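Novice: sharing a model prediction with you, sequence too.
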Amino acid sequence: MSFDYTVNQECPETKARVGEFTTPHGRIKTPIFMPVGTKATVKTMSPEELKEVGSEIILSNTYHLYLRPGHELIEEAGGLHQFMNWDRPILTDSGGFQVYSLSDSNEITEEGVTFQSHLDGSKHFIDPEKAIGIQNSLGADIIMAFDECAPYPAEKEYVEKAVARTTRWLERSIEAHARDDQALFGIMQGGMHRDLREKSAEEITEFNLPGYAIGGLSVGESTEKMLEVLDYAPELLPEDKPRYLMGVGTPIDLFEGIMRGVDMFDCVFPTRVARNGAVFTSGGRITVRNATYKKDFTPLDHECDCYVCNNYSRAYIRHLIKRNEILGLRLTTYHNLHFMLDIIHNIREAIKEGCFLEYREQFYNQYGVE
Ligand SMILES: CNc1nc2cc3c(cc2[nH]1)N=C(N)NC3
């Protein structure tokens, strides 16, 4: 099936653009933020609530689902959409990054990666063929090539070798990809080195894939370093394909990535901090568990019209979070996801109306960004 990404409008002053593409489970408008549903659930949210907050596509993880409950079980259930009752698009990550960042010990060879499960220490082996095979079983609409993501910091020589292996593993991923109803994205590596990013982009775009990701960022580097790479990396990828920045980010990262030409984002940050009582508001981030909010009977965000801000107070949500009540985690997660997806919606409209920079300035002034 044709993925047919189209750029519908560009922003005259920045590299921001709006576009859309088709998947078997629906059309996706870009720029887009993907809530993370690592283990076939966006923690504390039902599919209906995900739709209420505006989620159009969610991310899930090959590494986790392979370990538990197993991709064979999910395939038997009719695939990941059926298993988790989500009928909109899904993107699955290939497990490359998770193996390195989660497993207790791993050995990387040209063949693939041997690792010990972080759950029970059992030994496993994953390679491009297996990573693609698992994603074919899960049935996501967008799947990721199996890459080698260099840690940060790393010697330039190590990063260079990882770039070369990522290209060789991309070739194997393409060879192994057996379903034409799933779009396979390539992943650019290269760490913080412009010459290696250029080399990686040149090599992976040879394969003319439906989309490409920028990998190897948000791996411990400073935001400043990440933005230095984003000042040039997105435009090393084809302008007529979606550009996906993996693992990013905060509300501010969305603005900074989009103005540098990024179209797709995923990040656990908004939902993870929510479970710890940190919520995004138009006036900046607040930690609602703080005593400040003990008798604050106003909504989380005075400018938000979400279900949570229309029905609950900061005092009540603080009480729930302090008591570690499940409803507290649900209300903060619901609001943070609504906040992220509302920004993305407003950015898309601002780009279409040619006022992206004005919207960015207005948001930053209110959010308290210097
Ligand atoms: C949270 N930061 C983050 N950086 C990433 C980088 C990558 C990734 C996932 C990430 N998440 N998945 C890959 N398959 N490769 C690169």
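Specialist: Cool, got the structure. Numbers count the residues shown, from 1 in each chain.
Novice: tell me the mean pLDDT for stretch 186-206?
Specialist: Per-residue pLDDT over stretch 186-206 has a mean of 98.
Novice: could you see whether the ligand lies near it?
Specialist: Yes. For stretch 186-206, a contact with the ligand is found by C-beta under 6 Å from any ligand atom, at residue 187. C-beta: built from backbone N, CA, C; applies to glycine.
Novice: starting at the chain centroid, how far to that stretch?
Specialist: Its chain's C-alpha centre and that of stretch 186-206 lie 19 Å apart, by C-alpha atoms, centre = their mean, to the nearest Å.
Novice: so which bits of it are buried?
Specialist: 186-193, 196-197, 199-201, 203-205 (16 or more other C-beta atoms under 10 Å).
Novice: and residue 92, how far from the ligand?
Specialist: 10 Å (C-beta to the nearest ligand atom, to the nearest Å).
Novice: mind checking what secondary structure that residue has?
Specialist: For residue 92, the assignment made with DSSP: H, G, I helix; E, B strand; the rest coil gives strand.
Novice: who does it bridge with?
Specialist: In this entry, residue 92 is beta-bridged to residue 60, residue 143, by DSSP bridges.
Novice: tell me, how many neighbours does it end up with?
Specialist: 25 (other C-beta atoms under 10 Å).
Novice: that one: what's it in contact with?
Specialist: By C-beta atoms under 8 Å, 6 or more residues apart in numbering, residue 92 lies in contact with 59, 60, 61, 62, 65, 80, 135, 138, 140, 142, 143, 144.
Novice: surely the fourth one meets residue 131?
Specialist: In other words, residue 62. Yes. Residue 62 is within contact range of residue 131, at 6.0 Å (criterion: C-beta atoms under 8 Å).
Novice: quick one: common contacting residues for those two?
Specialist: Counting by C-beta under 8 Å, 6+ apart, the residues touching both residue 62 and residue 131 are 94, 95.
Novice: show me the contacts for residue 210.
Specialist: 3, 5, 21, 183, 184, 185, 241, 242.
Novice: can you put these in a markdown table and add secondary structure, distance to residue 300 and neighbour count?
Specialist: Listed next are those as a markdown table, based on DSSP: H, G, I helix; E, B strand; the rest coil; distance: C-beta to C-beta, whole Å; neighbours: other C-beta atoms under 10 Å:
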| residue | secondary structure | distance to residue 300 | neighbour count |
| --- | --- | --- | --- |
| 3 | coil | 38 | 19 |
| 5 | coil | 35 | 19 |
| 21 | strand | 33 | 24 |
| 183 | strand | 36 | 25 |
| 184 | strand | 40 | 24 |
| 185 | strand | 35 | 26 |
| 241 | coil | 37 | 21 |
| 242 | coil | 32 | 26 |
